[in-house]
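Undergrad: pasted the sequence and its predicted model underneath.
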Amino acid sequence: MKILLRRITASVIVVLLLNQGTKLSAQSKPWAVPKEYTSLSNPTGNNPQAVKDGKTLYTTYCTPCHGDKGKGDGAAAASLTPKPADHSSPAMLNETDGNLYYKISEGRMPMPTYKNVLTDAQRWELVVYIRTLCKASKK
(Lines give C-alpha, C1' and ligand atoms only; values in the text may rest on other atoms or scores of the structure.)
Protein backbone atom coordinates (compact mmCIF):
# COMPACT_ATOMS: atom_id res chain seq x y z
CA MET A 1 0.00 0.00 0.00
CA LYS A 2 2.84 2.41 0.87
CA ILE A 3 4.52 1.76 -2.46
CA LEU A 4 1.31 2.44 -4.37
CA LEU A 5 0.75 5.66 -2.44
CA ARG A 6 4.33 6.80 -3.17
CA ARG A 7 3.92 6.07 -6.88
CA ILE A 8 0.65 8.00 -7.02
CA THR A 9 2.22 10.92 -5.15
CA ALA A 10 5.26 10.89 -7.46
CA SER A 11 2.99 10.79 -10.52
CA VAL A 12 0.97 13.76 -9.28
CA ILE A 13 4.16 15.74 -8.64
CA VAL A 14 5.47 14.98 -12.14
CA VAL A 15 2.18 16.07 -13.74
CA LEU A 16 2.18 19.30 -11.72
CA LEU A 17 5.78 20.06 -12.71
CA LEU A 18 5.06 19.38 -16.37
CA ASN A 19 2.03 21.66 -16.28
CA GLN A 20 4.05 24.38 -14.56
CA GLY A 21 6.69 24.10 -17.30
CA THR A 22 4.00 24.53 -19.94
CA LYS A 23 2.74 27.69 -18.27
CA LEU A 24 6.23 29.12 -17.98
CA SER A 25 7.13 28.45 -21.58
CA ALA A 26 3.84 29.96 -22.76
CA GLN A 27 4.60 33.14 -20.83
CA SER A 28 8.07 33.48 -22.31
CA LYS A 29 6.68 33.98 -25.81
CA PRO A 30 6.97 37.46 -27.35
CA TRP A 31 4.21 39.83 -26.35
CA ALA A 32 2.23 40.38 -29.53
CA VAL A 33 0.54 43.76 -29.83
CA PRO A 34 -2.38 44.24 -32.24
CA LYS A 35 -1.41 46.36 -35.25
CA GLU A 36 -3.94 49.06 -34.48
CA TYR A 37 -1.98 49.91 -31.31
CA THR A 38 1.54 50.03 -32.74
CA SER A 39 0.94 53.26 -34.62
CA LEU A 40 -0.94 55.08 -31.84
CA SER A 41 0.55 58.42 -30.85
CA ASN A 42 0.58 59.55 -27.26
CA PRO A 43 -2.00 62.36 -26.99
CA THR A 44 -0.53 63.46 -23.65
CA GLY A 45 2.67 64.79 -25.13
CA ASN A 46 6.02 64.88 -23.41
CA ASN A 47 5.43 67.69 -20.94
CA PRO A 48 6.73 68.12 -17.38
CA GLN A 49 3.30 67.63 -15.79
CA ALA A 50 2.74 64.34 -17.64
CA VAL A 51 6.18 63.13 -16.50
CA LYS A 52 5.42 64.13 -12.90
CA ASP A 53 1.99 62.49 -12.92
CA GLY A 54 3.40 59.41 -14.66
CA LYS A 55 6.11 59.08 -12.03
CA THR A 56 3.50 59.19 -9.25
CA LEU A 57 1.49 56.47 -10.96
CA TYR A 58 4.63 54.43 -11.66
CA THR A 59 5.66 54.60 -8.01
CA THR A 60 2.24 53.35 -6.93
CA TYR A 61 1.49 50.71 -9.55
CA CYS A 62 4.78 49.66 -11.18
CA THR A 63 7.61 50.02 -8.64
CA PRO A 64 6.68 46.91 -6.61
CA CYS A 65 7.63 44.73 -9.60
CA HIS A 66 9.70 46.95 -11.92
CA GLY A 67 11.67 48.77 -9.18
CA ASP A 68 12.38 52.46 -8.57
CA LYS A 69 14.61 52.80 -11.63
CA GLY A 70 12.49 50.48 -13.81
CA LYS A 71 15.12 47.73 -13.98
CA GLY A 72 12.66 44.92 -13.25
CA ASP A 73 14.12 44.47 -9.78
CA GLY A 74 11.25 45.51 -7.50
CA ALA A 75 10.54 43.76 -4.22
CA ALA A 76 8.02 41.39 -5.84
CA ALA A 77 10.20 40.60 -8.88
CA ALA A 78 12.04 37.66 -7.31
CA SER A 79 8.83 35.66 -7.03
CA LEU A 80 7.55 36.39 -10.54
CA THR A 81 7.86 34.31 -13.69
CA PRO A 82 8.40 35.69 -16.18
CA LYS A 83 10.46 38.45 -14.64
CA PRO A 84 9.21 42.04 -15.01
CA ALA A 85 10.49 44.02 -17.99
CA ASP A 86 13.48 46.30 -17.58
CA HIS A 87 12.00 49.69 -18.49
CA SER A 88 15.46 51.25 -18.47
CA SER A 89 16.81 48.93 -21.17
CA PRO A 90 17.61 50.07 -24.71
CA ALA A 91 14.99 47.58 -25.93
CA MET A 92 12.32 49.91 -24.56
CA LEU A 93 13.40 52.48 -27.15
CA ASN A 94 12.19 50.03 -29.83
CA GLU A 95 8.72 49.85 -28.31
CA THR A 96 6.23 52.29 -29.78
CA ASP A 97 4.14 54.41 -27.44
CA GLY A 98 1.12 52.44 -28.64
CA ASN A 99 2.81 49.14 -27.75
CA LEU A 100 3.51 50.33 -24.21
CA TYR A 101 0.00 51.71 -23.86
CA TYR A 102 -1.47 48.37 -24.97
CA LYS A 103 0.71 46.36 -22.59
CA ILE A 104 -0.16 48.60 -19.65
CA SER A 105 -3.83 48.45 -20.57
CA GLU A 106 -4.15 44.71 -21.17
CA GLY A 107 -1.44 43.21 -18.97
CA ARG A 108 -0.21 39.63 -19.25
CA MET A 109 0.37 37.29 -16.35
CA PRO A 110 1.87 38.00 -13.96
CA MET A 111 1.31 41.68 -14.86
CA PRO A 112 -2.23 42.82 -14.16
CA THR A 113 -4.44 44.73 -16.58
CA TYR A 114 -4.82 48.43 -15.85
CA LYS A 115 -7.53 49.44 -18.34
CA ASN A 116 -10.19 49.25 -15.64
CA VAL A 117 -7.98 50.74 -12.92
CA LEU A 118 -6.37 53.73 -14.65
CA THR A 119 -7.89 56.21 -17.07
CA ASP A 120 -6.67 56.47 -20.66
CA ALA A 121 -4.82 59.67 -19.73
CA GLN A 122 -3.12 57.99 -16.77
CA ARG A 123 -1.93 55.07 -18.89
CA TRP A 124 -0.49 57.51 -21.42
CA GLU A 125 1.25 59.37 -18.57
CA LEU A 126 2.86 56.08 -17.57
CA VAL A 127 4.15 55.72 -21.12
CA VAL A 128 5.66 59.23 -20.90
CA TYR A 129 7.38 58.37 -17.62
CA ILE A 130 8.67 54.98 -18.85
CA ARG A 131 10.28 56.86 -21.74
CA THR A 132 12.30 58.90 -19.21
CA LEU A 133 13.63 55.67 -17.67
CA CYS A 134 14.92 54.23 -20.93
CA LYS A 135 16.37 57.55 -22.07
CA ALA A 136 18.13 58.03 -18.71
CA SER A 137 19.90 54.67 -19.12
CA LYS A 138 21.13 55.65 -22.57
CA LYS A 139 23.14 58.59 -21.18
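TA: Ah, there it is.
Undergrad: give me the below-cutoff pLDDT ranges for the protein.
TA: 1-28, 136-139 (pLDDT under 70).
Undergrad: V117 is in what secondary structure piece?
TA: Per DSSP states H and E: V117 is located in neither a helix nor a strand.
Undergrad: domains in this structure, by residue range?
TA: For the chain, the structural domains run 1-29, 31-138, going by automatic domain parsing.
Undergrad: now tabulate the ones you listed in CSV and tack on mean neighbour count.
TA: From N, CA and C alone the C-beta is placed, and that goes for glycine too. Converted to CSV, the domains of the chain look like this (neighbours: other CB atoms under 10 Å):
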stretch, mean neighbour count
domain 1-29, 10
domain 31-138, 16
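Undergrad: next one: the closest residue in space to H66 that isn't next to it in sequence from T63, what distance?
TA: Closest residue in space to H66, ignoring its immediate chain neighbours: P84 at 4.9 Å, by CB to CB, 6 or more residues apart in numbering. For P84, the distance to T63 (CB to CB, to the nearest Å) stands at 10 Å.
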